[in-house]
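**Q** have a look at this prediction, sequence included:
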Amino acid sequence: MTFKELKPGNEIFVLDKNEVDVKRGTVSLVSPPHVSNQPGVLGMFVDITISADKYSGQYVVSENGVTAYASNNTILITTNLDNVLAELRGIKTNAESIVNSIDKYKGDVSRCDTLLAELDPVFKREQSYEQRFSKLEKALDKLADSNDKITDILTKMTQKR
């Protein structure tokens, strides 16, 4: 069903691609087709007013369309659930691709650290300082643990007397 065929009470779907959230809403008003008032935008449009939680409001959409995008293409509004499902599959595929490439990027970071340490004296010095601080922190942790153990032993000895 195209946007111009919508009637109040018809179901509409809203997909927020940033939050990966889908809301079902209802159409409350559809304007008669009109020419766009935006310079350089040709075609006929309708204003649809929808109620769909935080996505409620008025949207200007192509009269013959079944899908429209709002908010810099992050919000999909459609009369067709299959279009929502297709977008969700695309989001999932993209996310899986990113997740599957994490190990590669971790390796790249490690390799860059190695090369920077070899080639950049400032980076090498910073890494050296970082390693020294790390060793000092570990040594202080060991001393604190030893101190706690000694305190426990002395406490037990004084309690036995």
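**A** Alright, I've got the coordinates.
**Q** so which elements touch the helix or strand hosting K142?
**A** Per DSSP states H and E: K142 is located in helix 121-160. Applying 3 or more C-beta pairs under 8 Å, 6 or more residues apart in numbering; DSSP states H and E, one finds that helix 121-160 contacts helix 102-119. Every C-beta, even on glycine, is put in place using the N, C-alpha and C of the backbone.
**Q** what's the helix it packs on packed up against?
**A** helix 121-160.
**Q** and the angle for the helix it packs on with helix 102-119?
**A** Interaxial angle, helix 121-160 versus helix 102-119 (axes from the mean of the first three to the mean of the last three C-alpha atoms, to 10 degrees): 110 degrees.
**Q** give me the pLDDT value at K149.
**A** What the model reports as pLDDT for K149 is 92.
**Q** give me the buried stretch members for the helix or strand of the chain with the lowest mean pLDDT, please.
**A** Least confident helix or strand of the chain, by mean pLDDT, DSSP states H and E, is helix 121-160 with a mean of 89. Under the neighbour-count criterion of 16 or more other C-beta atoms under 10 Å, helix 121-160 has nothing buried.
**Q** ok, stretch 22-32 next?
**A** Neighbour counts using 16+ other C-beta under 10 Å place 22-23, 25, 27, 30 of stretch 22-32 among the buried residues.
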